[in-house]
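Participant: fold the following and give me the result.
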Amino acid sequence: MLKRLTLGMVPILIASNALAIDVKYKFDQIPALSPEAQHKVSSTRVTALFTRTHFKSFDLNDPFSSKIFDRYIESLDYRKNIFTAADIESFEKYRFSFDEMLKQGKLLDVYQIYQQHLEKRHQRFSFALKLLDSPMKFEVEDSYQFDREDAQWPASVAELDELWRQRVKYDALNLKMTGKEWPEISKMLGKRYNNALKRITQSKSEDVFQLLMNSFSRSIDPHTSYLSPRNAERFQVEMSLSLEGIGAVLQVQDDYTVIQSLVSGGPADKSEELVKEDKIIGVAQGDKEIVDIIGWRLDDVVELIKGPKGSTVRLQIISGKAGAASKPSIVSIVRDTIKLEDRAAKSEVLESSLPQFKGRKIGVITIPSFYVNLTKDVKALITELEKKNVEGIVVDLRNNGGGALTEATSLSGLFIESGPVVQIKNSNEYVDVRNDPDADIFYRGPLTVLVNRYSASASEIFAAALQDYGRAIVVGEQTFGKGTVQQHRGLGRIYDFYEKPIGFVQYTIQKFYRINGGSTQNKGVVPDIAFPSPIDPAEFGESVADNTLDWDSVKKASYQVFPTKGENYVQDLTKSHELRINSNQEFGFMFEDIKKYKAEKDQVSISLVEKVRVADRDKDDKKSLLRANKRRVLQGLAEVAKLDDLPKKILDIDPVLDEASYITLDIVDQEKLVKN
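Facilitator: Prediction:
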C-alpha cells in the first residue's frame, strides 16, 4: 500500500464548521494511488521502443532523467501555486532516478510525488472555499498574477495563500461584473471548487502513468506521446467514419474550454448561436442543472458534451469577443451524427467588388486536412470551378495541421507535370525522394497558396513544393515548422492477459525536407508575400517548443523550375498588395489589434479593482461596437445602439482570403503582360 502523506494544515482548512460552504469531498476520500500490473510492462516497452527506434537518438541517463523530472513537476503545477519551494526541494532526491524507474518499471516514487500533489491540491481548494466565508471588496488596489511561468516557487504556505486569495478574488470579480451579488457568487464558486475537489477524489492510477509517460515522451520531442487506453479509443473514434455530438473542435485556454472551430453543417454550426473562440463555462444534459466546467480537463468536458443522436445538450457560453466577466448565455443543441464528409475540401467562387477587378472571379479550394482521397476530391472541385470560368485558384491551407503524406504528394502532382515533391530521411540517414505519381498537369492556371502559422506538416510539404517549383505564390503567415513524421503503435501483445488494457504511443520516425534540400523543421515555409499578423514566429510554433529536432538540410533534388514571370514579379505583387491593405478597413483593424497585442503581450497580471476592470470592459465594448457599425455601414445595414443588438451570426468577413484572391488576379494580369 502506498504511504499516505499527511499535510499538517489540512484538518484546519477542511473543518466544515469553519466554512460558509462545506467541503463536500473530504481529505480522507483522496484515493491512495499505486502502479497497476500493466504499467510496469508498458513502461519497459515504451522505454525500449523509444531508445531503439525513435528518429532522435538519445541516451536515457541521468541528464535525460533530469529533463523528465522537470517536465513532470511542471505538469503537476504549471502555475506554481500548489507546491512550495520546500516541496520542490524535497522532490530533488528523485531527479536522477526517472531513467532507472522507466527502464525497470518501478514507478512507486513517481506515484508518491503525485499523491502529495493531490493532497496539496485538496488543501488549496479547501482554502479557496474558506475564503468564500466573507464578502470580498473590489475597491482597494489589488491584482492577480495569471502568468507564473517565470515566477519562483512560493517560499511558504503564506505565499501560497496569497496567490489563492488573488485567484479566488479574480473568479469572484468576473462573476460580479456579470451582475451577480455575493450570495450567488459564493454559491457558484463553492460549486466550482467542490467540483475540483470531486475530481481529485476521482483520480485514477492511469492518470499518473499517462502524465509520467508524456513527461518522458515530450522530453524527446514535442510530437512523441503516450495515449492511455481511454484516449486511444477516442483517437480511433475520431478517425472512424462518424461520431455523435455537436460538431465542435474544442481546446483549453487557461481554465476555459474554447471553441476552436465548428464542423460545417454540424449541429453547433446550424444553431447559428456559436462561433469560433466562444468559451463554454457550463454544460447540462437536457433540462437538468448546468454543471460549471471551468478548470475541467478537456477530455472530461468532451465526455460531458458528447451524447447520442437526438439528445439535447445545453451549453453556457461566454462570447469569445468579450472578457471572462461578460454575461453568459445558454445555447441548446440537439446532438447529431457528424460525418467526416463535413470536414472534406470545399470550393467557392469569389467575385470581386473592387473597382479595378469588378465582376472578375477567383476560385477558392479550402482544405481542412490531408485526408485519404483528398486529391480525388480536389480534382472534382477544380473541374467545377473551371466550368464557372474562374481566372485562377486560391488553395486555402489556413489551420490545416497536416495528414496523409501520400495525399500531400499526389495533390502537389495536380499542379506540376512530373518530378520530386518531398524528400524523407530515416534515422539511418537514408533519404527517399517521393515523386509526383502521375506525369501530367491537371490544373495549369494561376495559383496562390494561402497559409498561416497553424498550417503544418503535410500543408508545409505542399506549399514548399509549389514554391520551390515556382508554380504558385505562397501568401499569408510563416507556417508552423513541423518537419517530422510520426507513427502510431499499440503497446499490447497478443499474449497479454492483464486485467486492464495497455495504451498506445505515437513517436517520430522520419524527417522530411523540401526538394531544394532545406527542412521545414522549425523554419516552416516563409511566404512570398507576408500578411500582417500578431503571431511572431519567434513566440509561437515548432521553433519555440521544447526539445524540437534541429533544422538541417540534405542534397537538393533534381527538378525543373517553372519559367520566371519577370525580374520584379514578386516585388510588383507585394507593392500592389501593400497599397490595398493600407487602405482596407479590416486590415486597419488588424494593424490596431497587432499594436495592442504587442503592447500587452508581456503583461502577467490583471487588476482586481472593479472600476478599473469595468472601464477596460467598457472601452473594449465601445471599440467592438464602433467596428461592428463601420462594417454594417459598408454592408448597407443600419447601425445598432449596443452590442446586444447584433445578431449572433453575422455576415462572414474574411479580408485575408479576399486579399489572397486579389493577389491571384494580380498574377493573372501580370501573366497576360508577360505573354504580350
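Participant: quote the end-to-end distance of stretch 490-499.
Facilitator: Stretch 490-499 has an end-to-end distance of 17 Å (CA to CA, to the nearest Å).
Participant: give me the contact list for that stretch.
Facilitator: Outside of stretch 490-499, the residues within contact range by CB atoms under 8 Å, 6 or more residues apart in numbering are 37-38, 41-42, 45-46, 49, 232, 501-505. C-beta: built from backbone N, CA, C; applies to glycine.
Participant: if you set the cut-off to 6 Å instead, what comes out?
Facilitator: Stretch 490-499 is touched from outside by 37-38, 42, 45, 502-504, with contacts defined as CB atoms under 6 Å, 6 or more residues apart in numbering.
Participant: and it, average pLDDT?
Facilitator: Per-residue pLDDT values across stretch 490-499 average out to 84.
Participant: mind listing what's buried in it?
Facilitator: Neighbour-count burial for stretch 490-499 flags 491-492 (criterion: 16 or more other CB atoms under 10 Å).
Participant: restricted to buried residues, select the contacts of stretch 490-499 in PyMOL.
Facilitator: Selection command for PyMOL covering only the buried members of the contacts of stretch 490-499, criterion 16+ other CB under 10 Å:
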select buried, resi 38+42+45+502+503+504
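Participant: any idea which helix or strand carries N629?
Facilitator: N629 is part of helix 610-634 when elements are defined by DSSP states H and E.
Participant: er, I259 I mean
Facilitator: In this structure, I259 sits in strand 256-262 according to DSSP H and E.
Participant: show me what secondary structure element comes after that strand.
Facilitator: For strand 256-262, the succeeding helix or strand toward the C-terminus, using DSSP H and E, is helix 267-271.
Participant: just the C-alpha atoms of that next one, please, in CSV.
Facilitator: Backbone C-alpha positions of helix 267-271 (Å, rounded to 0.1, in the frame of the first residue of the first chain) are rendered in CSV as follows:
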residue,chain,number,x,y,z
PRO,A,267,-25.5,20.9,-35.0
ALA,A,268,-23.4,23.7,-33.4
ASP,A,269,-22.9,25.4,-36.8
LYS,A,270,-26.5,25.1,-37.7
SER,A,271,-27.6,26.6,-34.4
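Participant: who touches the strand holding I259?
Facilitator: 248-251, 268-269, 276, 278-280, 301.
Participant: out of the residues you listed, which are inside helices?
Facilitator: Using DSSP state H, 268-269, 301 are the members of the contacts of strand 256-262 that sit in helices.
Participant: redo those residues as a markdown table? Include neighbour count, distance to G476 and pLDDT.
Facilitator: Compiled in a markdown table, the ones in helices among the contacts of strand 256-262 are given as follows (neighbours: other CB atoms under 10 Å; distance: CB to CB, whole Å; pLDDT from 0 to 100):
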| residue | neighbour count | distance to G476 | pLDDT |
| --- | --- | --- | --- |
| A268 | 27 | 27 | 80 |
| D269 | 18 | 24 | 79 |
| V301 | 17 | 31 | 83 |
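Participant: please state the offset of the helix or strand that the helix holding N629 is followed by from the chain centre?
Facilitator: Under the assignment DSSP H and E, the closest C-terminal helix or strand after helix 610-634 is helix 655-675. Using CA atoms, centre = their mean, to the nearest Å, the distance from the centre of helix 655-675 to the centre of the chain it belongs to is 32 Å.
Participant: buried ones in helix 655-675?
Facilitator: Of the residues in helix 655-675, those with enough neighbours to count as buried (16+ other CB under 10 Å) are 655-668, 670-671.
Participant: what sits up against it?
Facilitator: Applying CB under 6 Å, 6+ apart, the set of residues contacting helix 655-675 from outside is 350, 357, 360, 362, 391-392, 394, 446, 448, 450, 475, 565-566, 573, 576-577, 586.
Participant: now do stretch 626-635
Facilitator: Residues outside stretch 626-635 that contact it (CB under 6 Å, 6+ apart): 589, 639, 646.
Participant: out of these, who's nearest D87?
Facilitator: Among the contacts of stretch 626-635, F589 lies closest to D87 (CB to CB), at 46.7 Å.
Participant: return the backbone torsion pair for that closest one.
Facilitator: Dihedral angles of F589 (phi, psi; degrees, to the nearest 10) stand at phi -60, psi -40.
Participant: show me the contacts for it.
Facilitator: Counting by CB under 6 Å, 6+ apart, F589 makes contact with R627.
Participant: now do the strands in the stretch 1-150 of the chain.
Facilitator: The residue ranges that make up the strands of the stretch 1-150 of the chain, judged by DSSP state E, counting those that start in this stretch, are 143-145.
Participant: mind showing which ranges of the stretch 251-400 of the chain have poor pLDDT?
Facilitator: Counting by pLDDT under 70, the low-confidence segments of the stretch 251-400 of the chain come to 264, 320-326, 338-342.
Participant: what comes into contact with stretch 130-150?
Facilitator: Defining contact as CB under 6 Å, 6+ apart, one finds that stretch 130-150 is touched by 19-21, 79-80, 166, 168-170, 172-173, 182, 186, 189-190, 604-608, 610.
Participant: tell me the buried residues in that stretch?
Facilitator: If you call a residue buried by 16+ other CB under 10 Å, then stretch 130-150 has these buried ones: 130-132, 136, 138, 142, 144-145, 148.
Participant: stretch 201-221 too?
Facilitator: Within stretch 201-221, the residues that count as buried by 16+ other CB under 10 Å are 201, 203, 205-221.
Participant: contacts for that stretch, please.
Facilitator: Where contact means CB under 6 Å, 6+ apart, the residues beyond stretch 201-221 that reach it are 25, 29-31, 33, 36, 39, 56, 67-68, 71-72, 75, 110-111, 114, 118, 224-226, 228, 508, 547, 549.
Participant: can you select the buried ones from the residues you listed in ChimeraX?
Facilitator: The ChimeraX selection below is limited to those of the contacts of stretch 201-221 classed as buried (16+ other CB under 10 Å):
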select :25,30,33,36,39,56,67,68,71,72,110,111,114,118,224,225,226,228,508,547,549
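Participant: ok, G363 to L447 distance?
Facilitator: G363 sits 10 Å away from L447, taking CB to CB, to the nearest Å as the criterion.
Participant: between the two, point out the one with more neighbours.
Facilitator: Legend: neighbour count by other CB atoms under 10 Å for G363 and L447, higher for G363 (25 against 19).
Participant: point out the other helices and strands that the helix or strand containing the more buried one packs with.
Facilitator: Assigned by DSSP H and E, G363 belongs to strand 361-366. For strand 361-366, the elements it packs on are strand 346-351, strand 393-396, judged by 3 or more CB pairs under 6 Å, 6 or more residues apart in numbering; DSSP states H and E.
Participant: out of the ones you listed, which one sits most buried?
Facilitator: For those, ranked by mean neighbour count under the definition mean count of other CB atoms under 10 Å, the leader is strand 393-396 at a mean of 27.
Participant: dump that strand to CSV, restricted to CA.
Facilitator: Coordinates of each C-alpha in strand 393-396 appear next as CSV, following Å, rounded to 0.1, in the frame of the first residue of the first chain:
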residue,chain,number,x,y,z
ILE,A,393,-7.4,29.4,-57.9
VAL,A,394,-6.5,30.0,-54.2
VAL,A,395,-5.7,26.9,-52.2
ASP,A,396,-6.6,27.8,-48.6
